[in-house]
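> What follows is a protein structure lacking sequence information:
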């Protein structure tokens with residue numbers, strides 16, 4: 001019995017030592033592209049603001065980084081089972097905190113959904129943050145997208161869930177399939193630039209409430225100390241000019 005106990009303690013000690021002095025860092029991400037946050041430019045190379053931040057912090061922590069792009073459900077399972085150290089672009093919830101470490105210093109991006117309209121028709125809208133000011137207009141949304149509860153609960157609005165992604169949403173607005181679109185403002189700006197629509201649309205303000213996106217660490221594989229160490233380095237980097245330069249490169253509005 002004593003021998004078994006000693007072996008268990010040795011295994012626990014070895015795991016804790018490995019996690020504290022981590023040399024390999026396995027991060028999983030959704031295999032879909034979410035520009036400008038996460039994109040695969042080739043089968044093995046990931047880019048975007050999230051990926052750039054993770055690469056920089058991993059280098060500063062002197063760990064070997066491996067990024068795996070897999071279906072979302074598989075990514076979640078890998079973190080739960082301890083097959084990966086961390087997962088990106090994930091929202092914080094009570095259920096997820098049972099199997100992952102969340103730290104407010106490990107916020108990769110903070111986003112806001114916003115309404116956007118044709119620039120030529122901006123003067124038709126008297127919007128100052130009250131959703132009832134958009135009552136009567138047809139609002140284009142992305143099918144399956146989880147919007148803020150404020151918008152989701154606004155049952156008095158006429159919503160059209162006919163777009164599969166942000167680029168489709170923009171195209172439908174340009175062709176006047178609806179009056180107003182709603183999406184993450186940074187993604188709207190990114191796709192508008194890609195599609196040469198930047199001068200054709202106008203984003204209305206104020207935006208909807210801020211939402212944070214984290215890199216969360218597996219409780220089954222990494223220990224809390226390592227996640228905190230990562231957060232400290234990330235927090236330090238966000239105070240640098242280099243960080244602002246990365247945001248500018250991807251056209252991301254500062255919302256941190």
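Received, thanks. Since this is a predicted model, take the numbers as computed values, not measurements. Numbering: from 1, shown residues only.
> Hmm, residue 83 is touching residue 221, no?
Yes: applying Cβ atoms under 8 Å, one finds residue 83 in contact with residue 221, separated by 7.4 Å. All C-beta atoms are positioned from the backbone trio N, CA, C, and that covers glycine.
> ok, residue 103 to residue 222 distance?
12 Å (Cβ to Cβ, to the nearest Å).
> Neighbour count: those two, which is higher?
Neighbours per residue, other Cβ atoms under 10 Å: of residue 103 and residue 222, the larger number sits with residue 222, 26 against 19.
> rewinding a little: neighbour-wise, which of residue 83 and residue 221 wins?
Each of residue 83 and residue 221 has its neighbours counted (other Cβ under 10 Å); residue 221 has more, 21 against 16.
> So the more buried one belongs to a helix, correct?
No: with DSSP: H, G, I helix; E, B strand; the rest coil as the criterion, residue 221 is assigned coil and is not in a helix.
> Quick check: closest non-adjacent residue to it.
Residue nearest to residue 221 in three dimensions, not counting chain neighbours: residue 82, with 3.8 Å by Cβ to Cβ, 6 or more residues apart in numbering.
> what residues are up against that neighbour?
218, 220-221 (Cβ atoms under 8 Å, 6 or more residues apart in numbering).
> Mind jotting down where the helices sit in the stretch 1-150 of the chain?
2-20, 49-60, 72-81, 149-152 (DSSP state H, counting those that start in this stretch).
> Between those helices, which has the poorest mean confidence score?
Comparing mean pLDDT across the helices of the stretch 1-150 of the chain, the lowest value falls on helix 2-20: a mean of 45.
> can you tell me which residues contact residue 205?
Counting by Cβ under 8 Å, 6+ apart, residue 205 has contacts residue 114.
> Likewise for the one 4 residues further on?
Residues in contact with residue 209, defined by Cβ under 8 Å, 6+ apart, are 112, 148, 150.
> my guess is the second one contacts residue 113, does it?
It refers to residue 148. Yes: between residue 148 and residue 113 there is a contact under Cβ under 8 Å: 5.9 Å.
> Need the residues that contact stretch 218-229.
By Cβ under 8 Å, 6+ apart, stretch 218-229 touches 16, 19-20, 22, 61, 79-87, 99-101, 103, 105-106, 217.
> Would you mark the buried spots in stretch 233-247?
For stretch 233-247, a neighbour-count test (16 or more other Cβ atoms under 10 Å) marks 233-235, 238, 243, 246-247 as buried.
> Just the ones of the residues you listed in helices?
Among the buried residues of stretch 233-247, DSSP state H puts 233-235, 243, 246-247 in helices.
> Stretch 125-133: end-to-end distance?
By Cα to Cα, to the nearest Å, the extent of stretch 125-133 from end to end equals 8 Å.
> With stretch 157-169 instead?
Across stretch 157-169, first to last residue, Cα to Cα, it's 17 Å.
> again, but for stretch 102-118
39 Å.
> and if you look at stretch 76-88?
10 Å.
> Contact partners for the closest residue to residue 46 other than its chain neighbours?
Distances taken as Cβ to Cβ, 6+ apart place residue 67 nearest to residue 46, at 5.0 Å, with adjacent residues excluded. For residue 67, the contact set (Cβ under 8 Å, 6+ apart) comprises 27-29, 46, 51, 54.
> And the pLDDT at residue 67?
96.
> Would you map the strands across the stretch 101-250 of the chain?
With DSSP state E, counting those that start in this stretch, the ranges of strands along the stretch 101-250 of the chain come out as 107-111, 113-118, 138-142, 158-163, 180-184, 201-203, 211-218.
> which other helices and strands contact the fourth one?
Other helices and strands packing on strand 158-163, by 3 or more Cβ pairs under 8 Å, 6 or more residues apart in numbering; DSSP states H and E, are strand 138-142, helix 166-174.
> Could you list the paired strands of that strand along with their orientation?
strand 138-142 (parallel) (DSSP bridges).
> Could you chop the chain up by domain?
2-110+211-250, 113-203 (automatic domain parsing).
> Pick out the shakiest of these, pLDDT-wise.
Across those, the lowest-scoring stretch is domain 2-110+211-250, with a mean of 88.
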